[in-house]
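> Structure for this input, please:
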Amino acid sequence: MSADTPDPDRPSAGAVPPYVESPGDGPTSPYQDRVSAVGPVPPASLTWYGAPPVAVAPGPGLRPQLWWAAAGALGVMILGVPLGLLWATLAPDTPVVQTASGAVYGESQPEQPIAADGWFSLLGLGFGVLVAVGLWFLLRRSRGPIGLAAAVLGSLGAALVAWQVGQRVGLATFEHLLATAAEGQTFGQPAQLRAGGVDWWGPLPVPYGNVLLPAFGAAVGYTLLAGWSRWPSLRPESTPDWPSGPGVSWVSGEPPTPSAAPEPPGPGAVEPPRG
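Below you'll find the predicted structure:
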């Protein structure tokens, strides 16, 4: 052939000759054929591909949260009325005897005042825990410090309301008997709270004793619910909508095990020379 006519079997200058695999040569990589067929191996056992970003609904503003928290705290304070009536019903009356010098206890060491304090403590602690659970589910969009403050302040206000309501049940009848009862007559003194109340520290009222137990129960219950929450934001997050099925690949992240059998030659591969 002439110099101007190229030889079809001869590679042109600068061209890379095709790779010819000899019988003694192995593949460059034991996973070369599989990588070319399967694609790159994912780095993890579960690979997310084509998944739209999770759309998290924006939380409400601060002002609506405060309004809802104030409404919840006010509702909890109103529940102090039935709590006080329940305490007055369960707490026993202390027997009193009318004498010439005035009314005295019918027993030297009456146990009824201790029982009244105990009933108030148990009812208040359980009430605080129930308030925490109720506000956790009712004020879902205000979970966090605002919801905790609503539960604690509402429980404290309910305890004060229950204390004032409970000790006034039967108080008018007791005061009437103190003024009109004959000497030697026995009657009952309604429940009173001795292990708690409100003390004045300057111009500010400071509650103390077992009137703080409902707020303590609410704080502990709400904190435990927040600690066990499955969402970091304490509010349920919306799940992504998959347009074409779940975007999870079940391809294992481990490299594939090479087969002992020889791989078939790819298309266009040149057969090794046979001796």
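> got the CA coordinates for the strand or helix carrying V96 in PDB?
Element membership of V96 [criterion: DSSP states H and E] is strand 94-99. What follows is strand 94-99, C-alpha atoms only, in PDB (Å, rounded to 0.1, in the frame of the first residue of the first chain):
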ATOM      1  CA  THR A  94     -61.600  16.600 113.200                       C
ATOM      2  CA  PRO A  95     -63.900  16.100 116.200                       C
ATOM      3  CA  VAL A  96     -64.300  19.100 118.400                       C
ATOM      4  CA  VAL A  97     -66.000  19.400 121.800                       C
ATOM      5  CA  GLN A  98     -67.600  22.600 123.100                       C
ATOM      6  CA  THR A  99     -66.600  23.500 126.600                       C
END
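> Report the buried residues of it.
Within strand 94-99, the residues scored as buried using 16 or more other C-beta atoms under 10 Å are T94, V96, Q98. Just so you know, the C-beta spots here come from the backbone N, C-alpha and C atoms, and that holds for glycine as well.
> Which parts of the protein are helices?
In the chain, the segments counted as helices under DSSP state H are 32-38, 62-78, 80-90, 112-138, 145-167, 171-180, 213-227.
> Can you add mean pLDDT and distance to V104 and give these back as CSV?
Output for the helices of the chain, formatted as CSV (pLDDT from 0 to 100; distance: least, C-beta to C-beta, whole Å):
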stretch, mean pLDDT, distance to V104
helix 32-38, 49, 95
helix 62-78, 90, 37
helix 80-90, 95, 23
helix 112-138, 94, 14
helix 145-167, 94, 20
helix 171-180, 86, 11
helix 213-227, 94, 31
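> right, and those - which one's nearest A191?
helix 112-138 (4.0 Å; C-beta to C-beta).
> by contact count, what packs against the closest one?
With contacts taken as 3 or more C-beta pairs under 8 Å, 6 or more residues apart in numbering; DSSP states H and E, helix 112-138 sits against helix 62-78, helix 80-90, strand 94-99, helix 145-167, helix 213-227.
> What's the local residue count around the closest residue to G72 other than its chain neighbours?
Nearest residue to G72, sequence neighbours excluded (C-beta to C-beta, 6 or more residues apart in numbering): A150, at 4.7 Å. When neighbours are defined as other C-beta atoms under 10 Å, A150 has 28 of them.
> please renumber so the chain begins at 8
All set: I'll call the first residue 8, so the last point we hit is now A157.
> quick one, what contacts A157?
Each residue near A157 by C-beta atoms under 8 Å, 6 or more residues apart in numbering is listed here: A76, A77, G79, A80, V83, L142, L146, S149.
> Mind checking the helices of the chain for the one nearest to W208?
helix 152-174 (15.9 Å).
> can I assume V227 is in contact with V136?
Yes: V227 is within contact range of V136, at 7.4 Å (criterion: C-beta atoms under 8 Å).
> Tell me who's in contact with P214.
Contact analysis of P214 by C-beta under 8 Å, 6+ apart lists L163, A166, L167, G203, G204, V205, D206.
> And the second one, how close does it get to I121?
If I follow you right, that is A166. 19 Å (C-beta to C-beta, to the nearest Å).
> Comparing those two, which residue is more hemmed in?
For A166 versus I121, the count of surrounding residues by other C-beta under 10 Å is larger for A166: 31 against 12.
> for the more buried one, what are its contacts?
By C-beta under 8 Å, 6+ apart, the contact set of A166 is G87, L90, G131, F134, P214, V218, L219, L220, P221, A222.
> Next, format the residues you listed as TSV and append distance to A110.
Formatted as TSV, those follow (distance: C-beta to C-beta, whole Å):
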residue	distance to A110
G87	30
L90	29
G131	29
F134	32
P214	29
V218	27
L219	31
L220	30
P221	32
A222	35
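> Contact partners for G191?
With contact taken as C-beta under 8 Å, 6+ apart, G191 is in contact with V104, Q105, T106.
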